[in-house]
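**Student:** predicted coordinates and the sequence they were generated for:
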Amino acid sequence: MGQVKLAIALIIVIALALLGFGLSPAEGISTIVSGAFGGEVGWGRTLVNMAPLLLTGLGITVAWKAGMYNIGGEGQYITGGLLGAAIARTQFGGPWAILLATAIGGALCGALAGWLQVKRGVHVAISTILLNFIALQALAWAVTGPLQAPGTTASQTEELAPPQMLTRFSSRTDLHMGVLLAVVAAIMIWGYLNFTRPGFQLRLTGENPRAARAARLNADRIRLQAMALSGALCGLAGGVQFAGVSGVIDTGFNQQWGFLGIPVALLGGLNALGVIVSSFLFGGLMAGTQTLSRTAPGGDLLIFVVQGAAVLAFLFFQPKREPTHA
Amino acid sequence: MLDLLRFAAPVALASLGESVGQRSGVLNIGLEGMMLTGAYTGMLATRQTGNPWVGVLAGIVAAMVLGLVQSYFVLWRQADQVVAGTAINLLALGLTGASYRRIFGESGELLSIPTISNHALIAFMLISVPALAWLLFRSKWGLAVRAAGEHPEAVAASGFSVIRLRLQASLIAAFYAGLAGAHLSIVNAASFQEELTKGRGFIAIAIVTFGRFNPIWAFVASLIIGGAEVLQYRLQAQGIQAPPQFFLALPYVLALLVLVFVGKGGRAPQALAVPYRKD
């Protein structure tokens, strides 16, 4: 049972990391658990963290299933957020118009990387990484320039008006409609990949390029579409953070959500339903480590260590692959 | 000119080693993490011992340890190279950041460490360019390494160990990544901050493609990227009116544009990023 071994390995990693931070593992884990699942506030935090992780995790899943190593979730998240903020500024439409804009913004960024791969032969892992850094600078420029809130010197966009924000379920937590949207998106992506013809063609292109060629599929177009869809989902993650939680976009908008989507997708087995589970667990771990960081400096960085170690553990328990000939 | 070499050195050193690594068929996505670890460990060891040379050495060793971990997964377990490299990057980011905050506090006091004149490292870099090119293209070992990146089965059939060749090449890449990181923290910054490398490792990976997997061209490309960085400081110092973000984005935009134009022309090793499995 790989999953059980993986879970045990994870707990050991968390305990070791806590020891490294000079905390008692039992105390640290109980802080994390109460931070993540302690009452309405804890659950709210967990689910609010889960939404962007789920969406970026789905985005990564769609791209990687098509054989496109999209590492640019971060950049697509940012371009999505920026286009969303631009639409919000025009006061045109409510939160759903903003979400649509963020999906389009992300899709454009993803499609650009896809185009570079299929037309110009630039490895998508490399182009998406470079686009991440370009997007980060674009973000810094936009919030001090064209998208800066008028009449202030703060490097941020104008705060969304309450009717522009996604509906919240309770006044005590940030829990918002975007969480539900993310879960619905996951079920849709699951259905798309497993039960539709284009979904099957997408997977075939990634898993067995030779068979895809034999079936006369247009692999280039499928990959490009996969990158656009992947970017749209990562952009949407930016949208739910913007219209669901922060209401503003500043230079720290990205919060590494796009990067964190990669381990979330992998540990979800690159399966949309699995990604729901892994994003929930990592959302909880994030909520818990945020609580932990109040008493232990750098505690919130624990998530990177745990995720890195989790991916290595995942690789460790994965059976050796069969020889592949592309 | 020395200014240019100094700014270009971290990316140049990393891409020199990575040229050798990619020629053997290993795409080292963990390069950024190795560089960051080299930078952090180098700074820490320098601060502890007061001797920057010990720091340089410590940075190299730390990066090579990460290189070994990554090699275990990608060579022995045939893990996907992008996945394993991403894990290495996450680990490095978390461990260096957490350790830094733990030792130096949440805000990060202004940290300054003894530095070294960069002449020795620059000289080493300049010697490395022809030395690595010779090693790759003129030596018997280099022939085997390049073959391991093109047709690993054929190399194995002629009695070489593909895994050993790729391990050696990967460790060379890790060595230069650590040195590049140490150069960044000890020589260029004489300090450290979280995420000091700021994607330079990724730029180095891109430059290898641009440099057609040849250390000489990779070095030339690094100078161009380094030139953009120097230009940015010059123009800012002269008070040229332009958004600073434009200059900060310039190296990445340049690297991307270059890849767009080199594109399919710079043929990658055929077995790059393809795991090799012994039958």
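**Tutor:** Yep, that arrived.

**Student:** not counting sequence-adjacent ones, nearest residue to the residue of the stretch 151-300 of chain A found nearest chain B?
**Tutor:** For the stretch 151-300 of chain A and chain B, the shortest gap (C-beta to the nearest C-beta) falls at residue A:298, measuring 3.5 Å. Backbone N, C-alpha and C define where each C-beta goes, glycine included. Ranked by C-beta to C-beta, 6 or more residues apart in numbering or on different chains and with sequence neighbours excluded, the top spatial neighbour of residue A:298 is residue B:101, at 3.5 Å.

**Student:** just checking, the one you found touches residue A:293?
**Tutor:** No - between residue B:101 and residue A:293 there is no contact under C-beta atoms under 8 Å: 9.2 Å.

**Student:** which SS class is residue B:204?
**Tutor:** Classification of residue B:204 using DSSP: H, G, I helix; E, B strand; the rest coil returns helix.

**Student:** OK, contacts around the residue lying closest to it once chain neighbours are set aside?
**Tutor:** Once flanking residues are discounted, residue B:204 sits nearest to residue B:14: 3.6 Å by C-beta to C-beta, 6+ apart. Counting by C-beta atoms under 8 Å, 6 or more residues apart in numbering or on different chains, residue B:14 touches B:31, B:35, B:176, B:177, B:180, B:200, B:201, B:204.

**Student:** that older thread, hang on, the residue of the stretch 151-300 of chain A closest to chain B packs against residue A:23?
**Tutor:** No - the criterion here is C-beta under 8 Å, and residue A:298 misses it with residue A:23 at 11.2 Å.

**Student:** quick one, which of the two is more surrounded?
**Tutor:** residue A:298 (22 against 19; other C-beta atoms under 10 Å in any protein chain shown).

**Student:** list the contacts for that one?
**Tutor:** Residues near residue A:298 by C-beta under 8 Å, 6+ apart: A:21, B:97, B:98, B:99, B:100, B:101, B:102, B:106.

**Student:** kindly provide the distance from the nearest residue to the fourth one once chain neighbours are set aside to residue A:242.
**Tutor:** Of all residues beyond its chain neighbours, the one nearest residue B:99 is residue B:40 (7.2 Å), with distances taken as C-beta to C-beta, 6+ apart. Relative to residue A:242, residue B:40 is positioned 33 Å away (criterion: C-beta to C-beta, to the nearest Å).

**Student:** compare these two (neighbour count), which wins?
**Tutor:** Under the criterion of other C-beta under 10 Å, the comparison of residue B:40 against residue A:242 puts residue A:242 first, with 31 against 27.

**Student:** in this structure the more buried one contacts residue A:85, no?
**Tutor:** Yes - look at residue A:242 against residue A:85 with C-beta under 8 Å: they come within range, at 6.8 Å.

**Student:** interface residues of the stretch 151-279 of chain B facing chain A?
**Tutor:** Those residues of the stretch 151-279 of chain B that sit near chain A, judged by C-beta under 8 Å from any C-beta of the partner chain, are B:198-199, B:202-203, B:205-206, B:209, B:243, B:245-246, B:248-249, B:252-253, B:255-256, B:259-260, B:263-264, B:268, B:274-275, B:277, B:279.

**Student:** next, count neighbours for residue B:46.
**Tutor:** Counted with other C-beta under 10 Å, residues neighbouring residue B:46 total 26.

**Student:** spit out the contact partners of it.
**Tutor:** Residue B:46 is in contact with B:52, B:54, B:55, B:58, B:113, B:114, B:186, counting by C-beta under 8 Å, 6+ apart.

**Student:** skipping its backbone neighbours, what lies nearest it in space?
**Tutor:** Nearest residue to residue B:46, sequence neighbours excluded (C-beta to C-beta, 6+ apart): residue B:55, at 3.2 Å.

**Student:** tell me which element the one you found falls in.
**Tutor:** Under the criterion of DSSP states H and E, residue B:55 resides in helix B:52-71.

**Student:** after that helix, which helix or strand is next?
**Tutor:** The element immediately downstream of helix B:52-71 (helix or strand, assigned by DSSP H and E) is helix B:81-104.

**Student:** downstream of that next one, the next helix or strand is which one?
**Tutor:** For helix B:81-104, the following helix or strand on the C-terminal side (DSSP H and E) is helix B:119-137.

**Student:** just checking, what packs against that following helix?
**Tutor:** helix B:2-23, helix B:140-150, helix B:162-182, helix B:215-237 (3 or more C-beta pairs under 8 Å, 6 or more residues apart in numbering or on different chains; DSSP states H and E).

**Student:** if you set the cut-off to 7 Å instead, what comes out?
**Tutor:** Contacts defined by 3 or more C-beta pairs under 7 Å, 6 or more residues apart in numbering or on different chains; DSSP states H and E place helix B:119-137 against helix B:2-23, helix B:140-150, helix B:215-237.

**Student:** just the CA atoms of it, as CSV, please.
**Tutor:** The C-alpha trace of helix B:119-137 is given here as CSV (Å, rounded to 0.1, in the frame of the first residue of the first chain):
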residue,chain,number,x,y,z
HIS,B,119,40.3,37.1,-9.1
ALA,B,120,41.0,33.6,-8.1
LEU,B,121,37.5,32.4,-8.8
ILE,B,122,37.3,34.4,-12.1
ALA,B,123,40.6,32.8,-13.1
PHE,B,124,39.2,29.4,-12.3
MET,B,125,36.1,30.2,-14.4
LEU,B,126,38.1,31.4,-17.4
ILE,B,127,40.3,28.2,-17.2
SER,B,128,37.1,26.1,-16.9
VAL,B,129,35.7,27.2,-20.2
PRO,B,130,38.4,25.6,-22.5
ALA,B,131,39.0,22.8,-20.0
LEU,B,132,35.4,21.7,-20.0
ALA,B,133,35.1,22.1,-23.7
TRP,B,134,38.3,19.9,-24.1
LEU,B,135,36.9,17.4,-21.7
LEU,B,136,33.6,17.1,-23.5
PHE,B,137,34.8,17.3,-27.1
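
**Student:** which residues sit against that helix?
**Tutor:** Helix B:119-137 has contacts (C-beta atoms under 7 Å, 6 or more residues apart in numbering or on different chains) with B:5, B:9, B:12-13, B:16, B:19-20, B:23, B:141-142, B:145-146, B:183, B:187, B:214-216, B:219.

**Student:** that older thread, which PyMOL command selects the buried ones in the residues of the stretch 151-279 of chain B next to chain A?
**Tutor:** This is the PyMOL syntax for the buried subset of those, where burial follows 16 or more other C-beta atoms under 10 Å in any protein chain shown:
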select buried, chain B and resi 198+199+202+203+205+206+209+245+248+249+252+253+255+256+259+268+274+275
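
**Student:** just the ones of the residues of the stretch 151-279 of chain B next to chain A in helices?
**Tutor:** If you go by DSSP state H, these have B:202-203, B:205-206, B:209, B:245-246, B:248-249, B:252-253, B:255-256, B:259-260 in helices.

**Student:** ok, the residue in chain B that chain A sits nearest to - contacts?
**Tutor:** Nearest to chain A in chain B, going by C-beta to the nearest C-beta, is residue B:94, at a distance of 2.9 Å. With contacts defined as C-beta under 7 Å, 6+ apart, the neighbours of residue B:94 are A:301, A:302, A:304, A:305, A:308.

**Student:** residue A:172 belongs to a strand?
**Tutor:** No - under three-state DSSP, residue A:172 falls outside any strand and is assigned coil.

**Student:** could you measure from it over to residue A:40?
**Tutor:** According to C-beta to C-beta, residue A:172 and residue A:40 sit 6 Å apart.

**Student:** before we move on, what about residue A:99?
**Tutor:** As judged by C-beta to C-beta, residue A:99 and residue A:40 stand 25 Å apart.

**Student:** for these two, indicate the residue with more neighbours.
**Tutor:** residue A:99 (26 against 11).

**Student:** what's the neighbour count on the closest residue to that one other than its chain neighbours?
**Tutor:** Nearest residue to residue A:99, sequence neighbours excluded (C-beta to C-beta, 6+ apart): residue A:239, at 4.3 Å. Here the number of neighbours of residue A:239 (other C-beta under 10 Å) works out to 33.

**Student:** next one: the one 10 residues further on
**Tutor:** Using other C-beta under 10 Å, residue A:249 is surrounded by 27 other residues.
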